[in-house]
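Asks: I need the structure of the sequence given here:
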Amino acid sequence: MTVRATDIAQIALEARRLGETLITPCPCGHTDQRWLKAHTIGEHIYDSTRAMAPGPRAQAFTPTTASPSPTTDTEPPPDPDMHARYTKRATDAWAAIRALQTFVDGHRPDQTAPTGPTFSDDEWCRNHLDKLGICEPRYRGDTCRRCYSVKLITGHLPPRSILEDWRNGARVTDQSLAAAIAADQQPAGKAKKGKRRKAR
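Replies: Predicted structure coming up:
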């Protein structure tokens, strides 16, 4: 079987479904004191197939003596090799998952910074680059969607304090935005006007 790009999503979905099945609490009502955690379907299959492994338990298996009706199929006896096949497939899947995870981690584009001609400041919001040094995709002109919206409404780009609030997930209200813009527009070191005392 050859994997195509369009198969990746299906692989992920099937791997997730398998994982969820293996860790699903088993409805068998197992009450053995050995279980120190929830008994799962994966653990149930492991123990139930182990009882069928070659040895005294498998050799002691006695087929059902009741005569089946002509219209009813009989269930096959337990397969002595079922446990070996289950653990072999689980082991192979575990090794394959780890190998694939290592490979993906080594080639993830979100783990490496773009370099060379594919990286350009023209792709990012100028306000974010200048004030925080972070890359935010452009929306209109040289600004991102949020900066564009603020400038459209207030006539000013959001100051550094607002950009930091956005990055930290803090709530920005109209009042806090207006106050931050007003504070940013005030010249640094501007003294408050007051009455001068006459020198005597």
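
Asks: scan this structure for its longest helix.
Replies: Scanning the chain for the helix with the most residues, using DSSP state H, yields helix 82-107.

Asks: pLDDT-wise, which helix or strand of the protein ranks last?
Replies: When the helices and strands of the chain are scored by mean pLDDT, DSSP states H and E, helix 56-59 comes last with a mean of 53.

Asks: just for the chain, where's the confidence low?
Replies: Applying pLDDT under 70 to the chain flags the ranges 29-38, 53-78, 80, 111-121, 188-200.

Asks: show the residue spans covered by the helices in it.
Replies: Here the chain has its helices, by DSSP H, at 8-22, 41-50, 56-59, 82-107, 126-131, 145-154, 160-168, 174-185.

Asks: pick the most buried one from those helices.
Replies: Comparing these on average neighbours per residue, with mean count of other C-beta atoms under 10 Å, the densest one is helix 126-131 at a mean of 18. (C-beta placed from N, C-alpha, C; glycine too.)

Asks: can you give me the domain assignment for the protein?
Replies: 11-28+35-59+79-102, 121-185 (automatic domain parsing).

Asks: just send those domains back as a markdown table, with distance to D110 too.
Replies: Shown next, in a markdown table, are the domains of the chain (distance: least, C-beta to C-beta, whole Å):
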| stretch | distance to D110 |
| --- | --- |
| domain 11-28+35-59+79-102 | 15 |
| domain 121-185 | 12 |
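
Asks: nearest approach to V3 belongs to which of those domains?
Replies: Nearest of the domains of the chain to V3, taken as C-beta to C-beta: domain 11-28+35-59+79-102 at 7.1 Å.

Asks: list the residues that contact the residue nearest to R171 when sequence neighbours are not counted.
Replies: Among residues not flanking R171 along the chain, D165 sits closest, at 7.8 Å (C-beta to C-beta, 6 or more residues apart in numbering). D165 sits next to 171-172, 176 when contact means C-beta atoms under 8 Å, 6 or more residues apart in numbering.

Asks: same deal with R167?
Replies: Listed by C-beta under 8 Å, 6+ apart, the contact set of R167 reads 132, 134.

Asks: the one 10 residues further on too?
Replies: By C-beta under 8 Å, 6+ apart, the contact set of L177 is 150, 154, 158, 162.

Asks: about what we covered before: just put the contacts of D165 in JSON lines and tack on distance to H83.
Replies: Listed next are the contacts of D165 as JSON lines, based on distance: C-beta to C-beta, whole Å:
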{"residue": "R171", "distance to H83": "56"}
{"residue": "V172", "distance to H83": "59"}
{"residue": "S176", "distance to H83": "64"}
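
Asks: quick check, nearest of the residues you listed to K131?
Replies: V172 (15.0 Å).

Asks: next up, phi/psi of the closest one, please.
Replies: V172 has phi and psi values of phi -110, psi 120 when expressed as degrees, to the nearest 10.

Asks: run a quick neighbour tally on it.
Replies: 16 (other C-beta atoms under 10 Å).
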